[in-house]
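Asker: Predicted model and sequence follow; I will ask about them next.
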Amino acid sequence: MATISTHLRNFKEPDKDEQALLFFSIPSTATGGPAKGAPAPGDDPEKMDINAVLSLGGQSQEDPYAGKLHLIPPYLAFVSLDRKSVKFSLPLCTIRRVERLNARAGIYALSFSLWHGMKIVVQLTSLRPTADLFCELLSKALKAELQAGRMKAVKPFSKTCYSENLVLESSPVADNEREDGSLIDGGEKVGVGGAPVFHGGLGLKFKFPGDPKKLREASKTKLWTTYLRVHGRHLTLLRYPQCTRLVQVGLPNRLRGEMWETLSGSIYLRFMNPGYYEQILADNKGRNNTSTEEIEKDLHRSLPEYSAYQSEDGIGALRRVLQAYSFKNPETGYCQAMNILAAAILIYMSEEQAFWLLEVVCDRLLPGYYSTTMHGTLLDQRVFESLVARCLPIIHDYFQEVDVQLSVASLPWFLSLYINSMPMVFAFRIVDCFFAMGPRVLFQVGLAILKINGEKLLQIQDDGGFIHLMRDYFSSLGESAHPDSPDPRARAITRFQELLLVSFREFAVITDETIFAERRKYRNEIVTSIESFSKRSSIRNLKTLQRFTKDQVGLVYDALFKAVCIEPPPAPVQPPIALLTTKDAVEERPETRIELRTFRLFLSEIVTWARDDKIVTNGFQQRVDREVAEHELIDRLFYFWDFSFRGSLSFQDLVTGLDGVMFNDLMENIEWFFNLHDKNKDGFLTKDEVLTLSESMLFIFRFEVGDAYLGAISRFMSNAFEYGDALLPQSEGEDGELPSPKIESNQPYLNLATFRMVVLADEVLESFFETDLSASFRLEPVPLMELPTANSGLLGGLWSTLASDDNKKLFHKFSDEVGKTIGRHQVIHRPSIGRYRSIEEPRARESLLTPSMRRSASKSSLTQDESSLKTSSASTTSLPSTTTAVSLDTTSSISQDSIASPAEYNSLSLVQAANAALMERTPFAIDDAGDEDDEDEEDEEEEVNDGVLDEVDAFLEAHDPGVSDADRELSKDLINAEPVK
């Protein structure tokens, strides 16, 4: 069975703090492994932001920028007022000194000295008390970093970054490098003791894609070296406008991996979790599961044109990164196109760097892209279609006219970040901009591609022509965009340069806010589509539908899905690695299995007696409140359907279990109910189990009108113990009498044949097992659960707050209290069966046992066991008083004409039962000859009958049917009343 996921419904828009983390590329506390020195849960440092003006100290020529300074422990962040010119995120552990500058009066300025000597001056422009509070919180956060010991880890970490060696005046890194940045000897740069000095990717050994002269690697490296010396590097990089321009020009090969992790924020994860990547590989060594199988299939299909992935070095690195990610995120595991992304970034990054960057891309930059449902990809495809309709309406209308699916080509663009669609040297330029500017780059480039090829697109006729046109365009990106132009500068512009120019100039109106708004608009549409597909997949993956149709199984799924949404099952706990599998064995595919609490909710949607529907009237409104019932019968049914003995139920278990009761006839239902209460499955019920079975029937009939079912249960108990005692092994005593056999309450007592005979002796129970039991399991359409609406604007958020479920409950409670005050409050319990609509007293029937089969033991058994049943059923059967609650039949499909009248019931049924008993009577020898003792035995028999009836009357008197004396008198008057003429 496929897994049933409800996390899409539970999606919540990020709050202000979460939006700040996303904007500054700061990892949340829940991301990554257990960070060293992390604060204890519930001990989060206080956050604050303040108006400020940023200036660079030293020889910098940068202009000051006004903006906001954010304290987000353990980070200090700044953003300019336009939110795009200047931005930085500094770990507090990189700050070595904070000084307040002695400036002019009224100026509150702070000087930050970083670990490598760079100085930042921040002028706080808020009020003095606000500035003092900010400084106090900053001081506490810095002390916490000092105590955590992370300040000592900055310098060793910096040695793993290539930029730290690049900015040195006498840099040794170029001595052993080719022009493209790869190493001449084919190995990693090493330092003292053979330890690697800085991280690098497969390109160091297998060379980087592209011609370094055409890519102008030397010029790019020189420009970046100058920028990094002034504006910081890796952990302390300050992103000024020049940084974005340099990224758009292109990153040098040797610096690309480090800049990717710096711009995306994955460098912070690598810094905060040293050794985590190696540890997770060691802990899961030799482990095989579904994800590892899928990874092995795709390893040799990942950028096969690159030489590294034709050797074991590249394949092994790719395998380890993908497996480590699947072990860290077992719910996601491995998904389609993840291998392409990992293979691309491994060219420029080490395995550890690639692991953390993959974590950031899948979790934060492109959430839902690489998941089992691919909901993020589908949502962004819907957003992209909307943007095409808005920005390029002619192309959109033409595609609608010729029925060309835009997602045929655009889906691979987004899923592989264009790596699989265009030559790698150009795709990596787009990836550079993606990490620097965010996901909006994917939409801007996609719109630019369609606009540039607009005239040709209006000539295609089908999807194949669309794909062929895009393939031709991507293969010509290196050619001149204007080959016939007389201007040599225009002829030098390539088609790829034209693509970037159109993307970032003409479609600059596509901002992050635009993307978020469009996602919010179409999210519910995509969620509904995914849930519908998941439902069809789950039904298709069932081993058998039993006797159900697909539509009926769909109704079962709807009830299960609603229960899972309300009460999500706990996440499956993985056993220890050593006990999971061996190298040759594979873990089972995950499936959703519900536990008892979720099962109760599911059953309340299917079975009438597993819920309590209360029709509440209070003078202001009439509503139906549904409460989920809790009883041992429901718990017993849960474990009865647990065919695999795992303590949880799958979708297949539920379908099989329902099939075992919903299509049964009379005899099959009697056997099913017997087996449900036969705990040890030995074919016998003990006395305790007979009592439990009676309590189960009392629970089912707890809201029925009148005493017909209560009387039936009383007669059932009387007959069960009489028959059970009569069929026990007999042994003669010394005086020839038959002593009462003694049997313990936990020993076999009643078999299936006897139980069937007892049930068939009562017309009410026979009718229940023949039709009503199976009919109480009803597959009805479940009302669609509303998806959470997006809180757009002030009014949307206000309405969402006011119309919450908690507020609705408070209103209902208030209106009920007012209704009670004015005497208009009434609660009516809807019956589970609803066959009998009038109040009827239970009618005793003549016993089918012959006098010689009856023993005095039956009387003692009945007395003892009924007394215990009184105590247990007092908490099970609660018939509410008619002054505040009455029972009402609103679900019965049986007409009142089909129910026999009391006179017909007494005359016909008793005569038929007596005739049947006479015809089936066994000819005993004692009946052939008359004796004077017959009268004495008959008198004794009558006394026994009277005693049994007295016990029954006492049992019934102990259970008030919920009818007052006034109602009894009214019922008698109604029976004797004449019809209206």
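Answerer: In hand now; what should we look at?

Asker: Give the buried residues for stretch 446-461.
Answerer: For stretch 446-461, the buried set under the neighbour-count rule, 16 or more other CB atoms under 10 Å, comprises 446-453, 457, 460. In short, each C-beta sits where N, CA and C put it, glycine included.

Asker: same check, this time on stretch 54-63
Answerer: Taking 16+ other CB under 10 Å as the neighbour-count basis, stretch 54-63 is seen to contain the buried residues 54-56.

Asker: same thing with stretch 295-312?
Answerer: Counting neighbours by 16+ other CB under 10 Å, stretch 295-312 gives 295, 298-299, 302-303, 306, 308-309 as buried.

Asker: Show me the buried residues of stretch 446-461 that map onto strands.
Answerer: Judged by DSSP state E, the buried residues of stretch 446-461 include no members of strands.

Asker: Any chance of TSV for the buried residues of stretch 295-312, columns pLDDT, secondary structure and distance to residue 275?
Answerer: Below are those laid out as TSV (pLDDT from 0 to 100; DSSP: H, G, I helix; E, B strand; the rest coil; distance: CB to CB, whole Å):
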residue	pLDDT	secondary structure	distance to residue 275
295	95	helix	23
298	93	helix	28
299	93	helix	26
302	92	coil	27
303	92	coil	29
306	94	coil	29
308	94	helix	25
309	94	helix	27
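
Asker: returning to what we had before: can the buried residues of stretch 446-461 go into JSON lines with extra columns for pLDDT?
Answerer: As requested, these are arranged in JSON lines below (pLDDT from 0 to 100):
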{"residue": "446", "pLDDT": "97"}
{"residue": "447", "pLDDT": "97"}
{"residue": "448", "pLDDT": "97"}
{"residue": "449", "pLDDT": "97"}
{"residue": "450", "pLDDT": "97"}
{"residue": "451", "pLDDT": "96"}
{"residue": "452", "pLDDT": "96"}
{"residue": "453", "pLDDT": "96"}
{"residue": "457", "pLDDT": "95"}
{"residue": "460", "pLDDT": "94"}
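
Asker: hang on, the earlier thing: ok, so of the buried residues of stretch 54-63, who is nearest residue 470?
Answerer: Within these, the smallest distance to residue 470 is 43.6 Å, found for residue 54 (CB to CB).

Asker: Is it correct that the closest one falls within a strand?
Answerer: Yes: when DSSP: H, G, I helix; E, B strand; the rest coil is applied, residue 54 is found to be in a strand.

Asker: Give me the nearest residue to it, chain neighbours excluded.
Answerer: residue 65 (5.1 Å; CB to CB, 6 or more residues apart in numbering).

Asker: same question, residue 569
Answerer: Using CB to CB, 6+ apart and skipping the chain neighbours, the partner closest in space to residue 569 is residue 594 (4.9 Å).

Asker: can you pull up the bridge partners for the one you found?
Answerer: residue 649 (DSSP bridges).

Asker: Can you give me the buried ones in stretch 107-126?
Answerer: 108-110, 112, 114-116, 118, 120-126.

Asker: quick one: average pLDDT of that stretch?
Answerer: Per-region confidence: stretch 107-126 scores 91 on mean pLDDT.

Asker: Quick check: end-to-end length of that stretch?
Answerer: With CA to CA, to the nearest Å as the measure, stretch 107-126 spans 10 Å from end to end.

Asker: who's in contact with the residue nearest to residue 54?
Answerer: With contact taken as CB atoms under 8 Å, 6 or more residues apart in numbering, residue 65 is in contact with 53-54, 80-81, 85-86.

Asker: Out of the residues you listed, which two sit at the greatest distance?
Answerer: Considering CB to CB, no two members of the contacts of residue 65 lie farther apart than 53 and 85, which are separated by 12.9 Å.

Asker: Buried residues in the helix or strand hosting residue 813, which are they?
Answerer: With the criterion set as DSSP states H and E, the secondary-structure element containing residue 813 is helix 805-821. Neighbour-count burial for helix 805-821, counted by 16+ other CB under 10 Å, picks out 812, 815-816, 819.

Asker: What of stretch 624-642?
Answerer: Of the residues in stretch 624-642, 628-629, 631, 633-634, 637-638, 640-642 count as buried by neighbour count, 16+ other CB under 10 Å.

Asker: ends of stretch 665-684, how far apart?
Answerer: Across stretch 665-684, the straight-line distance between its terminal residues is 22 Å, by CA to CA.

Asker: so how far is residue 652 from residue 642?
Answerer: In this view, residue 642 and residue 652 are 12 Å apart by CB to CB, to the nearest Å.

Asker: What score does the nearest residue to residue 683 once chain neighbours are set aside have for pLDDT?
Answerer: The spatial neighbour of residue 683 that comes closest, neighbours along the chain excluded (CB to CB, 6+ apart), is residue 751 at 6.0 Å. In this model, residue 751 is scored at 90, pLDDT.

Asker: Tell me the helices and strands packed up against the helix or strand harbouring residue 670.
Answerer: Secondary structure here is read from DSSP H and E; on that basis residue 670 sits in helix 666-677. Judged by 3 or more CB pairs under 8 Å, 6 or more residues apart in numbering; DSSP states H and E, the packing partners of helix 666-677 are helix 632-640, helix 651-662, helix 687-700, helix 752-760, helix 773-775.

Asker: closest to residue 371 out of these?
Answerer: Using CB to CB as the measure, helix 651-662 is the one of these that comes nearest residue 371, at 20.7 Å.

Asker: just how off-centre is that closest one within its chain?
Answerer: Its chain's C-alpha centre and that of helix 651-662 lie 24 Å apart, by CA atoms, centre = their mean, to the nearest Å.

Asker: go on, stretch 433-453?
Answerer: Between the mean C-alpha point of stretch 433-453 and the mean C-alpha point of its chain there is a distance of 32 Å (CA atoms, centre = their mean).

Asker: CA atoms of it as CSV?
Answerer: Taking only C-alpha atoms (Å, rounded to 0.1, in the frame of the first residue of the first chain), the coordinates of stretch 433-453 have been written out as CSV:
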residue,chain,number,x,y,z
CYS,A,433,22.5,33.0,-10.3
PHE,A,434,20.0,30.6,-8.7
PHE,A,435,22.1,30.4,-5.5
ALA,A,436,22.7,34.1,-5.4
MET,A,437,19.2,35.4,-6.3
GLY,A,438,16.9,32.6,-5.3
PRO,A,439,14.3,30.4,-7.1
ARG,A,440,12.8,33.3,-9.1
VAL,A,441,15.8,32.9,-11.5
LEU,A,442,14.2,29.7,-12.8
PHE,A,443,11.0,31.5,-13.7
GLN,A,444,12.8,34.5,-15.2
VAL,A,445,15.0,32.3,-17.5
GLY,A,446,12.1,30.2,-18.5
LEU,A,447,10.0,33.2,-19.6
ALA,A,448,13.0,34.6,-21.4
ILE,A,449,13.5,31.4,-23.4
LEU,A,450,9.8,31.5,-24.5
LYS,A,451,10.0,35.2,-25.5
ILE,A,452,13.2,34.8,-27.5
ASN,A,453,11.8,31.9,-29.4
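
Asker: what does the host helix or strand of residue 430 contact?
Answerer: The secondary structure element spanning residue 430 is helix 424-437 (assigned by DSSP H and E). Outside helix 424-437, the residues that touch it by CB under 8 Å, 6+ apart are 209-210, 215, 243-244, 247-248, 250-251, 256, 259-260, 263-264, 303, 306, 344, 348, 365, 417-419, 421-422, 441-442, 445, 477-478, 496, 500, 504.

Asker: and which of the buried residues of stretch 54-63 is nearest to residue 778?
Answerer: Nearest to residue 778, judged by CB to CB, of the buried residues of stretch 54-63 is residue 54 at 67.5 Å.

Asker: What helix or strand is residue 77 located in?
Answerer: Under DSSP H and E, the secondary-structure element containing residue 77 is strand 75-80.

Asker: What's the first helix or strand after that strand?
Answerer: Taking DSSP H and E, what comes next after strand 75-80 is strand 87-91.
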